[in-house]
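Undergrad: Following is a predicted model, sequence given first.
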Amino acid sequence: MAGRNNHYDIIVVGAGSGGLGMSGVANAIGLKTLLIEQREKNIGGDCLNYGCVPSKALIHISKHFSHAVKASRFGLDIKGKADISKVLTYVKEKQAVIRHHENAEYLRDQGIDVVIGRAKFSSPTDIDVSGNRYTATKIVLATGSRPRHLQFAGLNQVEWYNNETLFYEMKSLPEKLLVLGGGPIGCEMAQAFQRLGSKVTIVNSGLSLLQRERPEISQILTERFQLEGIIVHNSSKLIQFPSPHEAEVLTKQGKIHVGLDAALIAIGRVINTEGMGLEKAGIKVEDGRILVDNYLRTTNRKVYAVGDAAGMYKFSHGAEKHVRLLSRNFFLPFRKKHHTQDLSWVTFTDPEVATFGMTEEDLQRNGLNYWRQDQDLNSDDRAITDSYTYGRMSLFFTKQRWWRQQQLLGGTLIAPGAGEIIQELLLATNAGLSVKWIFDKVYPYPTASRINQKNVRGLREALLTPFLKRVLRILYRWLG
């Protein structure tokens, strides 16, 4: 039986984005908090150790190489490839800065009890770790996910990586890199390595890169990749690796052979649920994901799931969203349901792809009446000066009788810095602000975010009917 000292107000399993956030909130208000992480080196989760932080540091360096290549047009002459050991040293330096406040000693100094070991339910209310038993009023599972793996024929003879091994095991820059997968990880790393000096080929089973995005957005990204020399095979699949430096691929045109020195496997992620004794806790798992309700409760009403473990979307800020929902619901009697209308995501390619709010599929599925306003960037002054006139924005608005009463529902932008540009749109959407706040705003010229106002202005022009124009002319002449 668990001793009195082993009872907590809250136990959090997993020290990634969701686990750190949940334990931090609980500890900040004085709840007795236990954080369990299987391996001490994994504190910080996928984001710090294998995902967001190292990948963005790598992308940052790759942009330097890209800028240098583009500068050759103006007389700068630079040749060579990246020294991958120096690149990865930089990546680890940046991880170390963040790890300073994401480690067991730091968390214990803040008052959080941290136990290292594998957590396993022994009953609906008890968790065992290394022979010790712990109980809590509430338990939050933030166990994260791991790279999906398929055993391709001949894989054992190939130098291959996933996002968990890429930043730790690569010793030299591959001359030819094969990327399996056209999702965010595959796209970001493909472009980064192409810029660092590898010759990259993407084999993507989906119809397009970033398949969850609008088709025209995916097409623009594909064209930008091809201009940089990346070979993209959509609607294709790997058959086998006949040799250590060759892949057999089935494309729409038939079978081809692709040369490689290394492969990056980025074909999705699997939620971590195995070996936790969830069945002893009465927690149901379906198709590999923990079943949760609209309040993030599992089938055991004392146990909740956040982040990847909740099986909804695999974003670090998605875990933050879950933590905020639970933090509210744990302390207020009127509980708020989970929804995705305030969610946004960014793929940090160049150009970035940023999407927020409801997609057109969401709007149609919910039977909502909306207006879509598309805006090319070919006449945007900042896009002209900075050479991204290929960009495109699509925004969705409510349909109102008076256009200044219309509100944003969601949208997508592909452009350099798109993730930053859409933030005011996301705020306007979540706050329920009408379009007049964007239309009336005075933007410094020529900031990139002026494209937001240009799209709204286009909405106004599209809704100016001949009758309304006639009324405005009459008013002008009468008042004049």
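TA: That came through, no problem.
Undergrad: now the nearest residue to residue 120 once chain neighbours are set aside: how far from residue 127?
TA: Take residue 120 and drop its neighbours on the chain: the residue closest to it by C-beta to C-beta, 6 or more residues apart in numbering is residue 277, 4.4 Å away. Where C-beta positions appear, they are placed from N, C-alpha and C, glycine not excepted. Residue 277 sits 9 Å away from residue 127, taking C-beta to C-beta, to the nearest Å as the criterion.
Undergrad: pretty sure the residue nearest to residue 120 is touching residue 126, no?
TA: No. Residue 277 lies out of contact with residue 126 (C-beta atoms under 8 Å); the separation is 9.7 Å.
Undergrad: Got the phi and psi for residue 115?
TA: Backbone torsions for residue 115, taken as degrees, to the nearest 10, come to phi -120, psi 130.
Undergrad: Check residue 443 too.
TA: phi -90, psi 130.
Undergrad: what about residue 397, which SS state?
TA: Here residue 397 is strand, with the state taken from DSSP: H, G, I helix; E, B strand; the rest coil.
Undergrad: That one: neighbour count?
TA: 22 (other C-beta atoms under 10 Å).
Undergrad: ok, it touching residue 370?
TA: Yes. The pair residue 397 and residue 370 passes the contact test of C-beta under 8 Å, sitting 6.4 Å apart.
Undergrad: which neighbours do the two share?
TA: residue 409 (C-beta atoms under 8 Å, 6 or more residues apart in numbering).
Undergrad: Run the chain-centre distance for the longest strand along the chain.
TA: Secondary structure of the chain read by DSSP state E shows that its longest strand is strand 132-141. Relative to the chain's own centre, strand 132-141 is displaced by 29 Å; criterion: C-alpha atoms, centre = their mean, to the nearest Å.
Undergrad: Give the pairing partners of that strand; include direction for each.
TA: strand 7-13 (parallel), strand 126-129 (antiparallel), strand 303-305 (parallel) (DSSP bridges).
Undergrad: Give the residue from residue 277 and residue 126 that has the larger number of neighbours.
TA: residue 126 (20 against 15).
Undergrad: if we can go back for a sec, out of the strands paired with strand 132-141, deepest packed?
TA: Mean neighbour count, computed with mean count of other C-beta atoms under 10 Å, is highest for strand 303-305 among these, reaching a mean of 28.
Undergrad: Mind listing residues that contact that one?
TA: 124, 138-142, 281, 283, 290, 292, 295-298, 311, 326.
Undergrad: next structured bit after that strand?
TA: Using DSSP states H and E, the next helix or strand after strand 303-305 towards the C-terminus is helix 316-329.
Undergrad: Show me what that next one packs onto, helices and strands only.
TA: Judged by 3 or more C-beta pairs under 8 Å, 6 or more residues apart in numbering; DSSP states H and E, the packing partners of helix 316-329 are helix 17-28.
Undergrad: how about the helices of the stretch 301-450 of the chain, start to end?
TA: All helices of the stretch 301-450 of the chain, identified by DSSP state H, counting those that start in this stretch, fall at 316-329, 360-365, 381-385, 418-421, 423-431, 436-439, 450-463.
Undergrad: Using the record's assignment, carve this protein into domains.
TA: Structural domains annotated on the chain: 4-44+102-147+270-329, 155-267, 344-467, as defined by automatic domain parsing.
Undergrad: Nearest to residue 50, out of the ones you listed?
TA: With C-beta to C-beta as the measure, domain 155-267 is the member of these nearest residue 50 (4.6 Å).
Undergrad: Look at residue 244 and say how many residues are nearby.
TA: For residue 244, using other C-beta under 10 Å, the count is 13.
Undergrad: swap that for residue 381, please
TA: That count, for residue 381 with other C-beta under 10 Å as the rule, works out to 15.
Undergrad: how far away is it from residue 74?
TA: For residue 381 relative to residue 74 (C-beta to C-beta), the value is 21 Å.
Undergrad: same check, this time on residue 137
TA: Taking C-beta to C-beta, one finds residue 137 at 64 Å from residue 74.
Undergrad: Between the two, tell me which one has more neighbours.
TA: Per other C-beta under 10 Å, whichever of residue 137 and residue 74 has more neighbours is residue 137, with 14 against 6.
Undergrad: residues in contact with the longest helix belonging to the chain?
TA: When the chain is parsed with DSSP state H, its longest helix is helix 52-71. Under the contact criterion C-beta under 8 Å, 6+ apart, helix 52-71 has outside partners 46-47, 76, 78, 82, 87, 90-92, 94-95, 98, 163, 167, 185, 188-189, 191-193, 195-197, 228, 316, 348, 350.
Undergrad: mind listing what's buried in that helix?
TA: Judged by neighbour count (16 or more other C-beta atoms under 10 Å), helix 52-71 contains these buried residues: 52, 53, 54, 55, 57, 58, 59, 61, 62, 65, 66.
Undergrad: now it, how far from the centre of its chain.
TA: Per C-alpha atoms, centre = their mean, the centroid offset for helix 52-71 relative to its chain is 18 Å.
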